[in-house]
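Asks: Got a predicted structure plus its sequence, pasted below:
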Amino acid sequence: MWLRYGIDQDKTLVPIEDVPRGKTQLRCPYCEGELTAKKGRRNEHHFAHTHETCRQVNRSDRLLPTLPLYDNFNIWLTGKEFQQLKDLWNRYGIKDKGIPVKEVPSILIREKLLERNTYRYGGEYQFTKLGKIPVGALSLMLFNQVQEPMLLEKLQQLEKNVQVAYLEDSPNFNECLRDLQIYHAEFRKILSNTLYYLQIDTSGGNSIYKIGVTRRDIEARVAEIKNDLASHFENVSIKVLGTWPHRGNIEKYFKYRYSFFHISIGNLTEYYNFFTPEEAKTVLRDLRRMQLKGLSKIEVDILEGNPSWIEQLIAEQEKASRRSDAIKTGMERAKNWGQHVGRPSVSESPEEFLAKPSSQKVIAALNEGLSLRKAAEKADVAINTVRKVKASLNKN
């Protein structure tokens with residue numbers, strides 16, 4: 001269910017959000033097969049092949065061009081391994097106790113979810129920052145510190161894949177290029193979104209909270225939410241507790257981390273009800289501890305929709321190659337028509353040749369009695385030019 005983009009007739013990526021449910025005119029970015037938009041209420045919206053699913057879409061999850069730690073927080077663990085990690089957290093991690101060596105599965109070390117710390121009381125192993133994410137124990141601020149380098153590392157790997165495939169004229173070049181373009185589109189989506197957090201006071205005197213992302217002004221989004229809640233509450237008052245530009249990456253981890261407090265209001269989602277005011281304040285502190293997102297040059301280019309450096313380089317090389325091919329074709333056509341190809345021939349008299357500044361330098365060097373080689377060095381010309389000057393002088 002990861003394919004969220006199709007391509008139109010111009011080969012432009014079109015996101016699932018921009019099309020209605022059902023059969024579409026779009027094609028698969030990889031095989032150009034027909035696509036159907038799956039937009040139900042239970043599963044995340046995505047494209048599916050109308051007929052047989054292609055190999056590229058059926059790849060292993062680790063090979064897909066998805067954003068790291070965006071909508072998958074179990075770090076590719078199996079169900080059994082995930083349960084082992086949760087058990088270790090409940091027995092040791094939540095109490096900040098060391099984990100005995102004999103209880104540590106090797107897979108959790110290989111995946112860098114646990115690390116050795118010989119100074120730990122009671123056991124040599126402890127949870128890493130990455131290891132705390134599957135159990136929802138890492139703060140939002142630290143989550144950003146873990147995820148952001150991973151986002152850029154994967155981007156660099158996808159760019160390298162495209163470069164190697166292009167240089168080797170590999171048959172999977174189109175697959176690598178589409179992977180990069182889809183990753184760019186997903187990256188741009190989270191950078192272009194603003195995370196918001198709302199407190200909603202209802203007519204019953206209760207306070208509920210909402211997390212979400214938007215590309216519009218927050219006032220417009222609040223008005224829309226108020227209208228959605230009108231059929232469920234007689235009166236609502238909405239207070240914006242915070243907005244965080246370019247933090248679209250946080251929304252899904254917030255939902256994962258605080259899933260215990262999640263409530264549904266009819267068909268409406270993304271609402272939370274905390275049991276005590278202290279719990280609500282703790283969650284707000286978690287959000288407010290996040291640093292403002294500063295954009296790097298790479299992220300600015302992504303946000304502005306600019307092609308990656310490797311796409312620009314390939315485009316330049318393809319343009320130069322087409323120009324070279326056009327020149328060669330034109331020269332061949334001219335030859336077939338009996339036309340002269342190359343620089344136009346220009347007749348030059350001996351007097352005109354000897355009057356040139358370079359020739360005058362050669363003459364001055366020869367008058368000093370220098371050898372041909374020394375004269376060429378002093379006049380900064382080729383030795384054959386010196387021979388030509390000398391021959392013209394002898395003729396005159």
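Replies: Looks like it arrived, so ask away. Residues are numbered from 1 along each chain as shown.

Asks: Roughly how far does Tyr5 sit from Pro65?
Replies: Relative to Pro65, Tyr5 is positioned 10 Å away (C-beta to C-beta, to the nearest Å). In short, each C-beta sits where N, CA and C put it, glycine included.

Asks: Quickly list what's touching both of these two.
Replies: Residues touching both Tyr5 and Pro65 by C-beta atoms under 8 Å, 6 or more residues apart in numbering: Ile182.

Asks: where along the protein do the strands fall?
Replies: Taking DSSP state E as the criterion, the chain contains strands spanning 5-7, 13-15, 22-27, 34-38, 46-49, 114-116, 125-127, 194-202, 207-214, 236-245, 262-265, 268-272.

Asks: ok, and what's touching the first one?
Replies: When you say that, I think you mean strand 5-7. Residues from elsewhere that reach strand 5-7 (C-beta under 8 Å, 6+ apart): 13-16, 19, 24, 26-29, 32, 35, 47, 182, 185.

Asks: Weed out the non-buried ones from these.
Replies: 13-14, 16, 19, 24, 26-29, 35, 47, 182, 185 (16 or more other C-beta atoms under 10 Å).

Asks: Can you name the residues that contact Tyr209?
Replies: When the contact criterion is C-beta under 8 Å, 6+ apart, the partners of Tyr209 are Tyr197, Leu198, Gln199, Ile200, Leu241, Tyr271, Tyr272, Asn273, Phe274, Ala280, Val283.

Asks: can you name the two of the residues you listed that are farthest apart?
Replies: For those, the farthest-apart pair by C-beta to C-beta is Leu241 and Asn273; their separation is 15.1 Å.

Asks: May I have the beta-bridge partners of Ile238?
Replies: Bridge pairing for Ile238 (DSSP bridges) gives the partners Ile200.

Asks: residues contacting it?
Replies: Contact partners of Ile238, counting by C-beta under 8 Å, 6+ apart, are Leu198, Gln199, Ile200, Asp201, Val222, Ile225, Lys226.

Asks: ok, now Pro15?
Replies: Counting by C-beta under 8 Å, 6+ apart, Pro15 makes contact with Arg4, Tyr5, Ala185, Lys189.

Asks: how deep is the last one tucked in, by neighbour count?
Replies: Using other C-beta atoms under 10 Å, Lys189 is surrounded by 20 other residues.

Asks: and the closest residue to it other than its chain neighbours, how many neighbours does it have?
Replies: Excluding its sequence neighbours, the residue lying closest to Lys189 (C-beta to C-beta, 6 or more residues apart in numbering) is Gly248, at 6.5 Å. Neighbourhood size, Gly248 [other C-beta under 10 Å]: 23.

Asks: likewise Lys390?
Replies: If you count neighbours by other C-beta under 10 Å, Lys390 ends up with 15.

Asks: ok, it - contacts?
Replies: For Lys390, the contact set (C-beta under 8 Å, 6+ apart) comprises Val362, Leu366, Leu372.

Asks: Tabulate those (JSON lines), appending pLDDT.
Replies: Listed next are the contacts of Lys390 as JSON lines, based on pLDDT from 0 to 100:
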{"residue": "Val362", "pLDDT": "88"}
{"residue": "Leu366", "pLDDT": "87"}
{"residue": "Leu372", "pLDDT": "86"}
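
Asks: Select from the residues you listed the one having the most neighbours.
Replies: Comparing the contacts of Lys390 by number of neighbours (other C-beta under 10 Å), Val362 comes first, having 27 neighbours.

Asks: what's near enough to touch it?
Replies: Contact partners of Val362, counting by C-beta under 8 Å, 6+ apart, are Ala375, Ala376, Ala379, Val381, Thr385, Val386, Val389, Lys390.

Asks: isn't Ser392 right up against Glu352?
Replies: No: Ser392 is beyond contact range of Glu352, at 10.3 Å (criterion: C-beta atoms under 8 Å).

Asks: quick one on the thing from earlier: mind checking which of the contacts of Tyr209 are buried?
Replies: Neighbour-count burial (16+ other C-beta under 10 Å) is assigned, among those, to Tyr197, Leu198, Ile200, Leu241, Tyr271, Tyr272, Phe274, Ala280, Val283.

Asks: Angles on the backbone of Ser122, please.
Replies: One thing to correct before we go on: residue 122 is Gly, not Ser. Backbone torsions of Gly122, given as degrees, to the nearest 10, read phi 90, psi -20.

Asks: Report the contact partners of it.
Replies: Each residue near Gly122 by C-beta under 8 Å, 6+ apart is listed here: Tyr92, Lys97, Gly98, Pro100.

Asks: can you list those residues in CSV and add neighbour count, pLDDT and distance to Glu348?
Replies: What follows is the contacts of Gly122, written out as CSV (neighbours: other C-beta atoms under 10 Å; pLDDT from 0 to 100; distance: C-beta to C-beta, whole Å):
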residue, neighbour count, pLDDT, distance to Glu348
Tyr92, 20, 94, 91
Lys97, 14, 91, 93
Gly98, 19, 92, 90
Pro100, 12, 93, 93
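
Asks: taking the residues you listed as a set, which two sit the farthest apart in space?
Replies: Longest distance between any two of these is 9.7 Å, between Lys97 and Pro100; criterion C-beta to C-beta.

Asks: still on that earlier bit, is there a quick PyMOL command that grabs whichever of the contacts of Val362 are buried?
Replies: This is how PyMOL selects the buried members of these, with burial counted by 16+ other C-beta under 10 Å:
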select buried, resi 375+376+379+381+385+386+389
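
Asks: Relative to Leu69, which of the contacts of Val362 is nearest.
Replies: Closest approach to Leu69 among the contacts of Val362 (C-beta to C-beta): Val381, at 65.1 Å.

Asks: Show the residue spans covered by the helices in the chain.
Replies: Using DSSP state H, the helices found in the chain span residues 79-91, 106-110, 129-132, 140-167, 173-192, 218-229, 251-257, 277-288, 297-303, 309-336, 350-355, 357-367, 372-379, 383-395.

Asks: mind showing which ranges of the stretch 201-350 of the chain have poor pLDDT?
Replies: Applying pLDDT under 70 to the stretch 201-350 of the chain flags residues 340-347.
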